[in-house]
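Visitor: Sharing a model that was predicted from the sequence below.
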Amino acid sequence: MIKVQLKDGSIKEFESKVSVLDVANSISEGLGRAVVGAKFNGEVVETNHLIEEDGKIDFLKFDDADGKDIFWHTSTHIMAHAIKNLFPDTKLGTGPAVENGFYYDIDLDYRLTPEDLEKIEAEMKKIVKSELDIERFELDEDEAIALMKERNEDYKIELIKDLAKEGQRLSFYRQGDFVDLCAGPHLSNTKKVKALKLTSVAGAYWRADQSNKMLQRVYGISFEKKKFLDEYLEMIEEAKKRDHRKLGKELELFTILEEGPGFPFFLPNGTILKNELMTYWREVHRAAGYVEIETPIILNRKLWETSGHWFHYKENMYTVQIDDEDFAIKPMNCPGGMLAYKTKMRSYRDFPIRMGEVGRVHRHELSGALHGLMRVRAFTQDDAHIFMLPEQIKDEIKGVAQLIDKVYKQFGFSYHVELSTRPESFLGEISMWDEAEAALKAALEELGLDYRLNEGDGAFYGPKIDFHLRDCIGRTWQCGTIQLDYQLPQRFDLTYTGKDGEKHRPIMIHRVAFGSIERFIGILIEQYAGKFPVWLSPVQAKILPISDKFMDYADDLYKKLFDAGIRVTIDDRAEKIGYKIREAQMEKVPYMIIVGEKEVNEGNVSVRSRDGGELGSLSIQEFVDKLVKESKDRI
């Protein structure tokens, strides 16, 4: 008798081995139709996986992250199958599921065009309609190499040899006459992939190595129903309108020049925006009991050897020689924070110590990975390092989570939380990890925050909590993080004097709220489509005189607004007022102030809101008070 425990704790009993799909169908036919896989005893498996022992099962649907992975992994095989049907000389690289769909890297002398993508889509739909069963099988190394030689798959042979060296299983999936090397899992049949779209083609080096051949990377997306695909494509179109690179140029916020690929230039408007964010950051952190420090951008090799970066991260670091000694431009702020802690003796009475740093960091990213402000080589990180006693862990985690919640709500973001636990390769004692994970769970539960558990996905030095914010068109971004670290305090020999007069080692939290300030600004540009709230807008009000004869009044008005701390400009061009209003709307200025004869005679202003239309006539003081209040209240 096999006992299978369901998510609600109930038990289903079966006389002999049973498939995941059979278990689902035993509950309801609807569930059987909906499941794409399952987690059995924590392992992601296919619907045709045979259960031969007692265990716990969690069914996966497309809405689940692991469910999407199964669905999109199958879709990439369908795409590769279609490409091989249309272009038999194609050699296949790798084809994983990714965050938003899937891709396959292919070696094909012919350069694919948009028209070719449409043909591949049509061929994929034929494969889906054929309702091909998908079968998993395993081969030994010699059999696997022989099979791939028959199919002229040189890249697969290279992968097989590497996998065999590592002692990994060589598993394959067959659908019709198509066979591919793959670890899986997959759907049991192609028929579930009801709606699909190939979205783009890009270049990618084989195995991400610039010394290897450049392959073509074909991207796609797929869903269970056409309506979900339509919604996704609509979101993509909306995202194009909100593209921060396009709006950043139009609103004169930032630029990236050929003299510095991956190194953003912030223009005056963008610098205002960045400074306003930093003012807000400093207010929030001061209220939460943080002190701010600043550490050097360049530090010597010895520091990076102590932190471990010189040995494990050097390919991403920029290095330089000074006085015949090796130095590196910092890729992260943490090691400098360790040195700041060590500047004096610490006592248990000092804890918790909350040190914040808005630090400039540099990381070498491959040129193909650079993307506007979202992926750059130089950025500003709003790091903080909290040093504490073991009994303070839970309260400090709660405090950080509440601070991050406050920050995200200020910008209208919702979010979900993920807790990542001890990975296979880790430093420290298991008991220490268990204690840390328990503290993180307790903090989240006391705050009432629902969270997803990512077992085995923590950093090598400690478990972590990640905050994935959701923007107004449904995309998610990983920004905030809270990481417990027992290792850096040990590497840097951080100590404090305890109640017993003896030396002890503090526990440390790494955390960010914005993450990369540059990336967060990119997200904000797209969140607001450039229509920033008044407090963030680089230009809060624009004065639009109807003609030159009202310029004296406009100049006086400008001075009054400027002196009140309002960011204001004048459009003094000899253009019609309708044109000036349209231009100000395009610039997404929150308030337009129309100045004509009526306003001069009455000593008032006629105000037009970007979002609310005509506000009518206001006294100058009323308008000043309104803007000052909106700026102060951050609305």
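Guide: Structure's in. What do you need?

Visitor: what about the stretch 301-450 of the chain, any weak spots by pLDDT?
Guide: Scanning the stretch 301-450 of the chain with the threshold set as pLDDT under 70 gives no residue ranges.

Visitor: now do 90
Guide: 307-309, 311-313, 366-370, 390, 412, 414, 422-439, 449-450 (pLDDT under 90).

Visitor: The stretch 1-150 of the chain too?
Guide: Across the stretch 1-150 of the chain (using pLDDT under 90), the flagged ranges come out as 1, 3, 7-9, 13, 15-17, 42, 65, 99-100.

Visitor: Okay, strands next: where are they in it?
Guide: Counting by DSSP state E, counting those that start in this stretch, the stretch 1-150 of the chain has strands at residues 2-5, 11-14, 18-19, 37-40, 43-45, 50-51, 55-60, 91-92, 97-98, 101-107, 134-138.

Visitor: Which stretch among those strands approaches residue 333 most closely?
Guide: strand 97-98 (29.2 Å; CB to CB). Every C-beta, even on glycine, is put in place using the N, C-alpha and C of the backbone.

Visitor: That closest one: partners in the sheet, and parallel or antiparallel?
Guide: Strands adjacent to strand 97-98 in the sheet, as given by DSSP bridges, are strand 101-107 (antiparallel).

Visitor: count of neighbours near the residue lying closest to residue 208 once chain neighbours are set aside?
Guide: Leaving out its chain neighbours, the residue that sits closest to residue 208 by CB to CB, 6 or more residues apart in numbering is residue 366, at 7.6 Å. Burial of residue 366 is recorded as 13 neighbouring residues (other CB atoms under 10 Å).

Visitor: Check residue 17 too.
Guide: Counted with other CB under 10 Å, the burial measure for residue 17 works out to 11 neighbours.

Visitor: and it, how far is that from residue 2?
Guide: 7 Å (CB to CB, to the nearest Å).

Visitor: re the thing from before, can I get the strands of the stretch 1-150 of the chain in JSON lines including mean neighbour count and distance to residue 355?
Guide: Converted to JSON lines, these look like this (neighbours: other CB atoms under 10 Å; distance: least, CB to CB, whole Å):
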{"stretch": "strand 2-5", "mean neighbour count": "16", "distance to residue 355": "46"}
{"stretch": "strand 11-14", "mean neighbour count": "12", "distance to residue 355": "51"}
{"stretch": "strand 18-19", "mean neighbour count": "18", "distance to residue 355": "55"}
{"stretch": "strand 37-40", "mean neighbour count": "24", "distance to residue 355": "40"}
{"stretch": "strand 43-45", "mean neighbour count": "16", "distance to residue 355": "40"}
{"stretch": "strand 50-51", "mean neighbour count": "16", "distance to residue 355": "51"}
{"stretch": "strand 55-60", "mean neighbour count": "19", "distance to residue 355": "41"}
{"stretch": "strand 91-92", "mean neighbour count": "20", "distance to residue 355": "50"}
{"stretch": "strand 97-98", "mean neighbour count": "16", "distance to residue 355": "36"}
{"stretch": "strand 101-107", "mean neighbour count": "23", "distance to residue 355": "41"}
{"stretch": "strand 134-138", "mean neighbour count": "14", "distance to residue 355": "52"}
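
Visitor: buried residues in the longest helix along the chain?
Guide: Taking DSSP state H as the criterion, the chain has its longest helix at helix 65-86. Of the residues in helix 65-86, those buried by neighbour count under the rule 16 or more other CB atoms under 10 Å are 66-85.

Visitor: now do stretch 277-296
Guide: Buried positions in stretch 277-296, judged by neighbour count with 16+ other CB under 10 Å: 277, 280-281, 284-285, 290, 293, 295.

Visitor: Give me the distance between the residue nearest to residue 538 when sequence neighbours are not counted and residue 247.
Guide: The shortest distance from residue 538 to any non-neighbouring residue, by CB to CB, 6+ apart, is to residue 269 (3.7 Å). Taking CB to CB as the measure, residue 269 and residue 247 are separated by 11 Å.

Visitor: what do you get for residue 505?
Guide: Separation of residue 505 from residue 247 (CB to CB) stands at 48 Å.

Visitor: Looking at those two now, which is surrounded by more residues?
Guide: Neighbour comparison, residue 505 and residue 247: the larger count goes to residue 247, with 19 against 12 (by other CB under 10 Å).

Visitor: Next, the contact list for the more buried one, please.
Guide: Contacts for residue 247 (CB atoms under 8 Å, 6 or more residues apart in numbering) come out as 253, 525-526, 529-530.

Visitor: repeat that with 6 Å
Guide: Contact criterion CB atoms under 6 Å, 6 or more residues apart in numbering gives 525, 530 as the residues in contact with residue 247.

Visitor: sorry, back to before: the longest helix of the chain - contacts with which helices or strands?
Guide: Counting contacts by 3 or more CB pairs under 6 Å, 6 or more residues apart in numbering; DSSP states H and E, the secondary-structure elements packed against helix 65-86 are strand 97-98, strand 101-107, helix 114-129.

Visitor: just the CA coordinates of that helix, formatted as PDB?
Guide: The C-alpha trace of helix 65-86 is given here as PDB (Å, rounded to 0.1, in the frame of the first residue of the first chain):
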ATOM      1  CA  ALA A  65       6.700  29.000 -11.000                       C
ATOM      2  CA  ASP A  66       7.800  25.300 -11.300                       C
ATOM      3  CA  GLY A  67       4.700  24.700 -13.500                       C
ATOM      4  CA  LYS A  68       5.700  27.400 -15.900                       C
ATOM      5  CA  ASP A  69       9.200  26.000 -16.000                       C
ATOM      6  CA  ILE A  70       7.800  22.600 -17.100                       C
ATOM      7  CA  PHE A  71       5.400  24.200 -19.600                       C
ATOM      8  CA  TRP A  72       8.100  26.500 -21.200                       C
ATOM      9  CA  HIS A  73      10.700  23.700 -21.100                       C
ATOM     10  CA  THR A  74       8.400  21.600 -23.200                       C
ATOM     11  CA  SER A  75       7.700  24.600 -25.500                       C
ATOM     12  CA  THR A  76      11.400  25.100 -26.300                       C
ATOM     13  CA  HIS A  77      11.600  21.500 -27.400                       C
ATOM     14  CA  ILE A  78       8.600  22.000 -29.600                       C
ATOM     15  CA  MET A  79      10.300  25.100 -31.100                       C
ATOM     16  CA  ALA A  80      13.600  23.100 -31.700                       C
ATOM     17  CA  HIS A  81      11.500  20.300 -33.300                       C
ATOM     18  CA  ALA A  82       9.900  22.900 -35.600                       C
ATOM     19  CA  ILE A  83      13.300  24.500 -36.500                       C
ATOM     20  CA  LYS A  84      14.800  21.100 -37.300                       C
ATOM     21  CA  ASN A  85      11.800  20.300 -39.600                       C
ATOM     22  CA  LEU A  86      12.200  23.600 -41.500                       C
END
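
Visitor: and the angle from that helix to helix 114-129?
Guide: With axes from the mean of the first three to the mean of the last three CA atoms, to 10 degrees defining the directions, helix 65-86 sits at 110 degrees from helix 114-129.

Visitor: Run through who's touching helix 65-86.
Guide: Here helix 65-86 makes contact (CB under 6 Å, 6+ apart) with 36-37, 44, 60-62, 90, 92, 95, 97, 101-102, 104, 120, 123-124, 127, 178, 180, 185-187, 190, 193, 220, 222.

Visitor: next one: it to chain centre, how far?
Guide: Relative to the centre of its chain, helix 65-86 is centred 23 Å away, using CA atoms, centre = their mean, to the nearest Å.

Visitor: any idea of the angle it forms with strand 55-60?
Guide: Computed by the same axes, to 10 degrees, the angle between helix 65-86 and strand 55-60 is 60 degrees.

Visitor: Just want the angle from helix 65-86 to strand 134-138.
Guide: Direction vectors for helix 65-86 and strand 134-138, defined by the same axes, to 10 degrees, enclose an angle of 90 degrees.
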